[in-house]
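Engineer: when you get a sec, could you give me coordinates for this:
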Amino acid sequence: MAATIEETFQRPVGELLRGWRERRRLSQLELANRVGVSTRHVSFVETGRSKPSREMVMRLAEHLDVPLRDRNQLLLAGGFAPIYSEASLHSPSMLAIRTTLRRLLKAHEPYPALVVDRWWNIVEANAGIAIFTTDVDEKLLQAPINALRLTLHPNGLARRIANIAEVRSAALASLQRQVAGTADPELQDLYDELRGYAVNDKPAPPGPAEVVVPFNLTHDGRELSLLTTIATFGTPLDVTVSELMIESFYPADDATADYLRALS
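Structural biologist: Below you'll find the predicted structure:
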């Protein structure tokens, strides 16, 4: 079971670092070689026999690919002040980020695109997502709207997705990797909830010409076929920015492209 934030703060920094090393499936020797220190030093840090400096905590966190949010927690556990800000997306300091996101979303119209946070809550979207919000339970549209819940809930998009078994399987597998990579208890709760929606249908094996799982959605009596991509900011120094994901949907065939352009 993943630890709560309160439990994390109570645990020593060495124990937290060991947890991240084990999560990344690295031996003490492998981590020591990456960081450029002795295996003995890594062992002493993890057992609390040696107190790591601020720089050593940061070096270990970097080589363990620890998310920025959790790097701040490591610093606090080590007795240091966190260095990564966590600004609201609507704060003045995030004006450039908001402007960039809205330009990307607008430029993608008439095709759907949205921005989600670490927990898949929608924080920005373009007009194209209207095809996702029709004929769904109004409770699923109450803020914050969770994109995965909206997609997989039986009263959400699931009943309009022709290949729901394949979409569900791909979404759960991706979320499971995210849970494993972050050890986030909220993501684990979301995964458990979404997995509970699953029925006994099994995803069909991919066809010989299929390279990605399409998103086959029925809208107003028409079946649309979409492909999706996810992008992130490349060099974030803020926790909020580091956790933003831009999901863009593209038409998988000419009929879908023509329909969405006409719809707009």
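Engineer: CA atoms for contacts and neighbours, from now on please.
Structural biologist: OK.
Engineer: may I have stretch 81-101 exported as PDB, CA atoms only?
Structural biologist: Output for stretch 81-101, consisting of C-alpha atoms alone and laid out as PDB, is shown next (Å, rounded to 0.1, in the frame of the first residue of the first chain):
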ATOM      1  CA  ALA A  81      13.800  23.400   2.200                       C
ATOM      2  CA  PRO A  82      12.000  22.300  -1.000                       C
ATOM      3  CA  ILE A  83      13.400  24.000  -4.100                       C
ATOM      4  CA  TYR A  84      10.600  23.300  -6.600                       C
ATOM      5  CA  SER A  85       7.700  25.700  -6.600                       C
ATOM      6  CA  GLU A  86       4.100  24.600  -7.000                       C
ATOM      7  CA  ALA A  87       2.200  27.500  -8.500                       C
ATOM      8  CA  SER A  88      -1.500  27.500  -9.400                       C
ATOM      9  CA  LEU A  89      -2.000  27.300 -13.100                       C
ATOM     10  CA  HIS A  90      -4.000  30.500 -12.800                       C
ATOM     11  CA  SER A  91      -1.300  32.500 -10.900                       C
ATOM     12  CA  PRO A  92       0.500  35.400 -12.600                       C
ATOM     13  CA  SER A  93       3.800  33.400 -12.700                       C
ATOM     14  CA  MET A  94       2.100  30.800 -15.000                       C
ATOM     15  CA  LEU A  95       0.900  33.300 -17.600                       C
ATOM     16  CA  ALA A  96       3.400  32.000 -20.200                       C
ATOM     17  CA  ILE A  97       2.300  28.400 -19.500                       C
ATOM     18  CA  ARG A  98      -1.400  29.200 -19.800                       C
ATOM     19  CA  THR A  99      -0.900  31.200 -23.000                       C
ATOM     20  CA  THR A 100       1.100  28.400 -24.500                       C
ATOM     21  CA  LEU A 101      -1.500  25.700 -23.600                       C
END
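Engineer: contacting residues around that stretch?
Structural biologist: Stretch 81-101 is contacted from outside by 68-69, 71-73, 75-76, 115, 124, 237-241, using C-alpha atoms under 8 Å, 6 or more residues apart in numbering.
Engineer: flag every buried residue along it.
Structural biologist: When burial is assessed from 16 or more other C-alpha atoms under 10 Å, stretch 81-101 yields the following buried residues: 82, 89, 94, 98, 101.
Engineer: narrow these to those in helices?
Structural biologist: Members of those lying in helices (criterion: DSSP state H): 98, 101.
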